[in-house]
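Q: sequence first, predicted model second:
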Amino acid sequence: MARVKSILQRLEVRPAGRLSLCSHKKSHAIRKGEPRFVVRAPGPAAGEKGYCAACAIQMIDKAQADLATLKGELPD
Ligand SMILES: [Zn+2]
């Protein structure tokens, strides 16, 4: 059977290498060593955006809800 294709963007959580700011809210600082949720845009020359843990959890919760809605529109 063919491998199931991933529909997610390239996502990962990794420790911040230095002090950085959350891409969702600039007032959210991510200190060196704290987890940073990294979203890389598709494509070869794509940049990446980093988010603090609080924003990342909200984004992942929304993604899960959106996926559940889409799944609900399909037959079992
Ligand atoms: Zn944030």
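A: That came in fine, so what should we check first?
Q: touching, Ser23 and Cys52? I think so.
A: No. The pair Ser23 and Cys52 fails to qualify as a contact (Cβ atoms under 8 Å) at a distance of 9.0 Å. For glycine as for every other residue, the C-beta is placed from the backbone atoms N, C-alpha and C.
Q: more neighbours: those two, which one.
A: Applying other Cβ atoms under 10 Å to Ser23 and Cys52 shows that Cys52 carries more neighbours, namely 23 against 18.
Q: list phi and psi for the more buried one.
A: Dihedral angles of Cys52 (phi, psi; degrees, to the nearest 10) stand at phi -70, psi 170.
Q: identify the residues contacting it.
A: Contacts of Cys52 were listed using Cβ atoms under 8 Å, 6 or more residues apart in numbering, and they are Cys22, His24, Lys25, His28, Ala29, Ile30, Glu34, Arg36, Phe37.
Q: sort out for me which of those are in strands.
A: Mapping the contacts of Cys52 onto strands (DSSP state E) picks out Ala29, Ile30, Arg36, Phe37.
Q: list the residues that contact the first one.
A: For Ala29, the contacting residues are Leu19, Ser20, Leu21, Cys22, Cys52, by Cβ under 8 Å, 6+ apart.
Q: which of those residues has the most neighbours?
A: Of the contacts of Ala29, with other Cβ under 10 Å as the count, Cys52 tops at 23 neighbours.
Q: tell me the SS of Ala68?
A: Using DSSP: H, G, I helix; E, B strand; the rest coil, the structure places Ala68 in helix.
Q: what does Pro42 give?
A: For Pro42, the assignment made with three-state DSSP gives coil.
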